[in-house]
Structures are given as structure tokens and as C-alpha cells.
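*Asks:* please find the sequence and the predicted model below.
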Amino acid sequence: MKALRFAAKDVPELVDLPIPQIADDEVLVAARAVGVCHSDIDLLAGRYIIPFAYPIIPGHEWAGEIAQVGSKVTSLVVGDRVVGECVIGQDHFGFSISGAAAEYFVAKPAWLHRLPDELSWTMGALVEPFSVAYYAILRAGGVDAADTAVVLGGGPVGLAVAAASSAMGARTVVIEPDERRRDLALRLGATYVVHPDEAEALLGELTGGRGSDIVFEVSGRPAVMARALELVAFQGRIAYIGIDVGGEAPAKLGLIQSKELRISGSIGSPGVWPQTLRFLAGSGIDMTPLVTQQFEVDDALRAIETAHRPGPGDVKSHIRFTAGV
């Protein structure tokens, strides 16, 4: 089988490997679509939040088809369409243990969820980043038609927040400097999009100077994280989703108290995958415009390069697999 493998720091390679053997309590999955995430680029660069070792096969945003089941597996059958969670106990699939960027890979049934018929392979490989957005909204208390919600940052997760927030009924404003990503936010359901330089004027007009009921900070940039305190309304909420480790920026911390703010932070999407899948299937949200490039497995190295050095309008790269089951 063909697989994308990180052989060492900054050394990605496309290799031929034996199809892995499964244990009695495992399943063999044939990959169908695998997304490339910025955290994959960090992994290739030698950085990740838990220990790992090379060589490693990446791939934690994926959809696939059950190709073989172990003799003790009763919850899945050959042909089932599945997606899988990333955080598995102390391990992270696609990081500390090899992931889905191969024509076939091994998984435990407990990690997996059936992909609803309403969702394509491409949508399936977007469930993981969407679940991060969905979890953050739930953790912050949810939104509805009474809310004006601001999304700071138009990356894949920020755009997923915009789509979910809009589907839940909130008037959703995406603040993003890149015009192409602003256009994409509108396609995904955002009510308004605005350049950061014009954001305060638009919010003042929309809310009568009150500010946003909830701000979702998804850029992970310290200066933008600080700005969230200024854009939110009195007794509003801020949800920090974008990741920054060790960055610093001046912030008006007194606003937390003077505005009586409720602030939450979230990482990953623990415990919400079944609900996320029901939401995606029931809402009819189409997240596939996020995927701006698709590469066959033979071009997997190009997918990594595109994610590492995105061009104008590049948002998400997917690797497509067509291995037989």
C-alpha cells in the first residue's frame, strides 16, 4: 500500500508498505479522504503537544471504509463508512500513533463513528475540524437568534464556527483580513464579513454600540486575543479556540471585570462526536467549500507543501484515496 510518512524532522516521504495486520479486537480501514492540518506541519517540523517519535504516518482528519474486522468485533461490518476521533486516551491518532494518511490503516472500534449517509467522504474528513468548532460553541453556552456572534479569524476552524453559529440562528460576523476567506465565510452562512480595520464601525452599527454578545477567537494571535475583550458586549461571552503557546500582547484585562465577562477556553472535541455528526446530517451544512485543493495519494507530498506554504485563497488540502476494499 502507499502511505505518506514523516521519516524524520522536515523529511516527508511517499512510501510503499505492507498492508497492516489487525488483531481480533481491531478493524482495517481503507482511507477515502484525509485532510492536512496545520498541526501536521508542526509535527513534521518536530513540534507537538505530546511526545512522539519518527517515523510516523500523519492523518487525523479522515473518512474511510471498513475493509476487514477482527473476530471479536461485533459493532462494525465490512463496508461501513466511518470517521474517527483523534484523542485516544494518552495517545493522539496521527501524532503519537500512526494515522490515516495511508491506503489502509488499523483502528479500534471504540474510536470510530459511522458516517451518516447524508455526508460525503469529503464532508467526513471535515468532521474533526468541525467538531472542534461545535464543541467550543457548546462549551461557551451555545448561541441562538438572539445573539450577535463575532468570529475572529477565517481559517478552517473559524469558518466552521461561522457555519455552525449561523445554522444555530445567530447573526454571525466574521472578521478576517483576507478577501477570499471573507467570501468563503459568506458561502458558509455568515451574515456579515468585514476587514479588521472596519470591524468596530460595523459592530457599532449592528448592535447600537453595545458590542457582540459572544466573540469566538479562532486566530490564535495574541493581539487578536486581546482585542476580543474590546469587541464583546457588557455581560458578554468570549470563547478562546485559537491556539497560542507562550505569545504575549498588551491586553485591557480590567474589561473582564468591568464588563462582567464570561470567558471559556477549549481544545479538541471530547465527547461531542455523535452529537456533531447528528448536527451536520440534520442541518444540511455543506462544509466542502473549505477544501480548496484535492490531491491523489501519488501527489501527497504536494498536499503537504501546499498546506505548509499556502497560496492566495488556499484553505484546506485533502488527499484522496481509491484503494479497493
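*Replies:* Arrived safely. Numbering: from 1, shown residues only.
*Asks:* for the rest of this, base every contact and every neighbour count on C-alpha atoms.
*Replies:* Will do.
*Asks:* show me how the protein divides into domains.
*Replies:* Domain assignment for the chain, taken from automatic domain parsing, gives 2-126+287-320, 130-265.
*Asks:* between the two ends of the first one, what distance do you get?
*Replies:* When the termini of domain 2-126+287-320 are compared using Cα to Cα, to the nearest Å, they are 12 Å apart.
*Asks:* related to what we said a few turns ago, closest to residue 274 out of the domains of the chain?
*Replies:* domain 2-126+287-320 (7.2 Å; Cα to Cα).
*Asks:* so how far is that closest one from its chain's centroid?
*Replies:* Computed by Cα atoms, centre = their mean, to the nearest Å, the chain-centroid distance of domain 2-126+287-320 equals 13 Å.
*Asks:* for it, what is the average pLDDT?
*Replies:* Here domain 2-126+287-320 scores 96 as its mean pLDDT.
*Asks:* what residue is smack in the middle of the chain?
*Replies:* When Cα atoms, centre = their mean is applied to the chain, the residue found nearest the centroid is residue 129 (1.6 Å).
*Asks:* wait, what's in contact with it?
*Replies:* 61, 156, 157, 160 (Cα atoms under 8 Å, 6 or more residues apart in numbering).
*Asks:* spatially nearest residue to residue 31 (excluding sequence neighbours)?
*Replies:* residue 64 (4.3 Å; Cα to Cα, 6 or more residues apart in numbering).
*Asks:* re the thing from before, give me the element the residue nearest to the centre of the chain is part of.
*Replies:* Using DSSP states H and E, the element containing residue 129 is helix 127-139.
*Asks:* now find how far off-centre that helix is within its chain.
*Replies:* Put simply, helix 127-139 sits 8 Å off its chain's centre (Cα atoms, centre = their mean).
*Asks:* okay, helices next: where are they in this protein?
*Replies:* 38-44, 121-124, 127-139, 156-167, 179-187, 199-207, 222-231, 254-258, 273-283, 300-308 (DSSP state H).
*Asks:* list the buried residues in stretch 51-63.
*Replies:* 52, 54, 56, 57, 58, 59, 60, 61, 62, 63 (16 or more other Cα atoms under 10 Å).
*Asks:* what does that stretch contact?
*Replies:* 3-9, 31-37, 40, 81-86, 93-102, 115, 121-122, 124-129.
*Asks:* these, buried ones only, as a PyMOL selection?
*Replies:* To isolate the buried ones among those in PyMOL, judged by 16+ other Cα under 10 Å, type:
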select buried, resi 3+4+5+6+7+8+31+32+33+34+35+36+37+40+81+82+83+84+85+86+93+94+95+96+97+98+99+100+101+102+115+121+122+124+125+126+127+128+129
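*Asks:* in strands only, show me the contacts of stretch 51-63.
*Replies:* Within those, residues falling in strands by DSSP state E are 3-8, 31-36, 81-84.
*Asks:* greatest separation within the residues you listed: which pair is it?
*Replies:* 8 and 81 (32.1 Å).
*Asks:* distance check, residue 233 against residue 152.
*Replies:* Look at residue 233 and residue 152: by Cα to Cα, they are 15 Å apart.
*Asks:* neighbour count: these two, which is higher?
*Replies:* residue 152 (30 against 21; other Cα atoms under 10 Å).
*Asks:* dump the residue contacts of the more buried one.
*Replies:* So residue 152 contacts 158, 174, 175, 176, 215, 216, 217, 218, 219, 224, 228 (Cα under 8 Å, 6+ apart).
*Asks:* hmm, the last one is touching residue 237, no?
*Replies:* By that I understand residue 228. No: the pair residue 228 / residue 237 is not scored as a contact, 9.6 Å apart, by Cα atoms under 8 Å.
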